[in-house]
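**Student:** Predicted model follows, preceded by the sequence.
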Amino acid sequence: MTLGGDAVEFADFNNDGFVDVSLGDGGLWRNDGGSSFSGYGTLGVGSWGDYNNDGFIDYINKDTLVVYRNNGDGTFYTLDIGEFNAGPHSAVTWFDMQGDADLDIYHVGFESEEGEDRYDDIIQYNRSTDTFGHHFRTAINKPGQGVTTLDFNEDQQIDVYVSNFYEVRNELWENNGLGFGSWPSVTRSKPWNRGSGMGSAVGDFDNDGHFDIFVQNYSEPGQPPSALIRNLGPEGSYQFEDQQRFNGDDWVESYSSAAVGDVDNDGDLDLFLTALSSGDFSRLYENPGVGSSEPWNFTNVTLGTGLTGISGTSQAAFADIDNDGDLDLMTGGSLYTNDGNFNNWLRVKLAGDGVNVNTTALGSVVRADLGGGTILTRQVEGATGLANQNEQTLHFGLGSFSGKVPLEITWLDGSVHTLEVEPNQTLVLRYADLFLQPPQVTSVVTNNGADSHDVLYSVDVTFDQEVVVDTAGLSLRNDSGGGTPVDLSEMTLSYHSALGTASWKFSGVAGISAGYHTVTLHADGISGTGGAALDGNGDGIPGDNFEQTILVAVRGDANLDGKVDLTDFQIVTNNFDPLGQNPGNGWSAGDFDRDSDVDLSDFVELTVHFTPNGYATFPLPLSVGSVDFTPEVTLRGVGTLRGSPRTLEEDRSLAAADRVFAGWSGLSASELFVDERTVGRRRAARSDWTGEGSSWR
């Protein structure tokens, strides 16, 4: 797909879940569902970030120093922030310099029209006045080209790596929290730190949990080539060492930009390098992985990928434009979609609260510990290098790793969250939600605890905390009837906050025939009082539905036809297994008392409940075939009873039990007792993701 442009900045500006793209002079393009794009005006070359924390991502133009404030309705307000460093520029990016959740601007100077070097500027945003004002400036003029941000020493202060041209040394400015004028440069004397730098990039290339740097150089013969430098981490005092020089067959004079991403989902970050001159060609380099015999010897794999013949461009960035779990590439004016492979993956989008952490979560880091010393590390970043910007939803290739993925989120304010998640999905993790414990289901009880009955008249769900719940928070599906949804418009709901128990009553609801039914609690209808949505699968992350299968039938009805007749006697006879030697024993085999065998006690259930004309004709509260029915439920008292004593044995009526125990000071049964049986959960099935092929198109 050809879209044009001289740069690429990916972001979801309309919050529809599909990443959009600004292409400099190629215009702003809205992603229409992952398969096509619509033109949407022009913002110029710049960077995306939600500077005012309103939940809508904004844009800054690098040359005019105009901020396009996103109005949230598909339009932008043009805000001129002043003449801090007028004229054309090579790069700009958003970052949170002070860790105050407000986004500031790093602006690279390069040259004036007369060819003189210029200062770099940092321009700060003041939330209280909604203005950009105070700024810092580099001490001397330099021919700056690219800028990339990172927290190289893991102190939750965002540092800045600036690439300078004309063999002037690059600068890794260490943010010490004292203001830009006092920041030391920590890479002054390194031999790899000189060259004609342009579009450097950051990534953890050896999966040790620390950010390394690709030093990109436009390298004429005899000049320093591009290089990969490794961050030695805390054991090495966060020093850097040279690992791979792009010499020999890997040398291209006009390398200009670098895009970092795991294109084959094998767990290692790969490199795409653009070539600026028309006679040079861009290349895709595959990371061999730390387990290989030459772990830092990146290999040119451009041939056969569909990326050959691309030249004369500095445009390069990765994004998953169709949300299928693999990275697509925009370069040279064209969008190349990745057909993927069979490796597993995970996508994580972070959202700050706008108070402690910026809503776009710039500078926050997510690590996935896959064991064996392999720690995949990703950061949320603004534009990098020559104002190209990868999608801010973080992408993890997992290779063959298929278990739960342990994640550690380090927000820029220093807060840390750990959780385990399933692979092959896109997660949105919100700072505010992770500080709130999402509610989980602790028990599900039907009909006051009876494990079966001829009519389903109630489902009681107890949560581990007080919740906000509505009637539509529950739905019922008749699995035995082909998955038919049951019309619950006549259902009523009562909620007992002291116990965190919601009771859905099905009196008058039709369509609940004998058989298996799936009860679903919907995350959008149930939340904790703090606002966190239901955690239905117990992974600690809000927003999941809860499902449990329940049986609606009388003991003895093995074939679930609403009758207990000779057919059921035949089923039990055929499956008679008093020693429990058949692991397949279950309700359909005749194990009505669920003791893992089919014996005389099950024949007793048949005899007691024998109703060849249909047990559904028997009215409640009597159990079928018996006037002496006692619900099979263990109850424990949870309050002090007052008034005239009554017991459940004295008031066997289920209808009465469902109403109020008269003489117990008006408290309902569900306020007095809690079902102590353990009710298992059924996790919603997830299908593994698979790709189709392994090429780009």
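**Tutor:** Received it, and whenever you're ready, just let me know what you need.
**Student:** Can you give me the pLDDT of residue 452?
**Tutor:** We have a pLDDT of 60 for residue 452.
**Student:** Kindly report the same for residue 85.
**Tutor:** On the pLDDT scale, residue 85 gets 62.
**Student:** With residue 193 instead?
**Tutor:** Residue 193 is assigned a pLDDT of 72 by the prediction.
**Student:** and it, what is it in contact with?
**Tutor:** Residue 193 is in contact with 169, 170, 187, 215, counting by C-beta atoms under 8 Å, 6 or more residues apart in numbering. Just so you know, the C-beta spots here come from the backbone N, C-alpha and C atoms, and that holds for glycine as well.
**Student:** Report the two of those residues separated the most.
**Tutor:** Greatest spatial distance in those: 169 and 215, 10.9 Å, computed using C-beta to C-beta.
**Student:** neighbour count winner among these two?
**Tutor:** Between residue 169 and residue 215, counting by other C-beta atoms under 10 Å, residue 215 is the more crowded of the two (27 against 16).
**Student:** got a pLDDT number for the more buried one?
**Tutor:** The model's pLDDT for residue 215 equals 91.
**Student:** my guess is residue 459 is in a helix, correct?
**Tutor:** No. Read with DSSP: H, G, I helix; E, B strand; the rest coil, residue 459 is strand and lies in no helix.
**Student:** Contact partners for it?
**Tutor:** Counted by C-beta under 8 Å, 6+ apart, residue 459 has contacts 444, 445, 446, 474, 503, 504, 506, 519, 550.
**Student:** Which residues does residue 231 form beta bridges with?
**Tutor:** With DSSP bridges applied, the residues forming beta bridges to residue 231 are residue 240.
**Student:** That one reaches residue 205, doesn't it?
**Tutor:** No. Taking contacts as C-beta atoms under 8 Å, residue 231 lies outside contact range of residue 205: 9.4 Å.
**Student:** hang on, the earlier thing: in strands, which of the contacts of residue 459 fall?
**Tutor:** For these, the ones inside strands are 444, 445, 446, 474, 503, 504, 519, 550, with DSSP state E as the criterion.
**Student:** For beta bridges, what are the partners of the last one?
**Tutor:** Applying DSSP bridges to residue 550 yields these beta-bridge partners: residue 517.
**Student:** do the second one as well
**Tutor:** Beta bridges link residue 445 to residue 460 when assigned by DSSP bridges.
**Student:** nearest residue to the one residue sitting closest to the centre of the chain other than its sequence neighbours?
**Tutor:** Residue closest to the mean C-alpha point of the chain, counted by C-alpha atoms, centre = their mean, is residue 427 at 1.4 Å. Spatial nearest neighbour of residue 427, chain neighbours left out: residue 348 (5.1 Å); criterion: C-beta to C-beta, 6 or more residues apart in numbering.
**Student:** Quick one: neighbours of that neighbour, just the number.
**Tutor:** By the measure other C-beta under 10 Å, the count of residues near residue 348 is 21.
**Student:** That one touches residue 405, doesn't it?
**Tutor:** No. Judged on C-beta under 8 Å, residue 348 makes no contact with residue 405 at a distance of 9.5 Å.
**Student:** Identify the contacts common to those two.
**Tutor:** residue 396.
**Student:** Other residues contacting stretch 98-106?
**Tutor:** Applying C-beta under 8 Å, 6+ apart, the contact partners of stretch 98-106 are 49-51, 53, 60, 92-97, 120-127, 132, 147, 149, 156-158, 160, 177, 352, 354-358, 360, 362-363, 412-413.
**Student:** how about 6 Å then?
**Tutor:** The contact list for stretch 98-106, computed with C-beta atoms under 6 Å, 6 or more residues apart in numbering, reads 49, 51, 93-94, 96-97, 122-125, 127, 147, 160, 357-358, 412.
**Student:** Just the buried residues out of those, in ChimeraX syntax.
**Tutor:** Buried residues within those, by 16 or more other C-beta atoms under 10 Å, are selected in ChimeraX with:
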select :49,51,93,94,96,97,122,123,124,125,147,160,357,358,412
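**Student:** Filter the contacts of stretch 98-106 down to just the ones in strands.
**Tutor:** Under the assignment DSSP E, the contacts of stretch 98-106 contribute 49, 93, 94, 122, 123, 124, 125, 147, 160 to strands.
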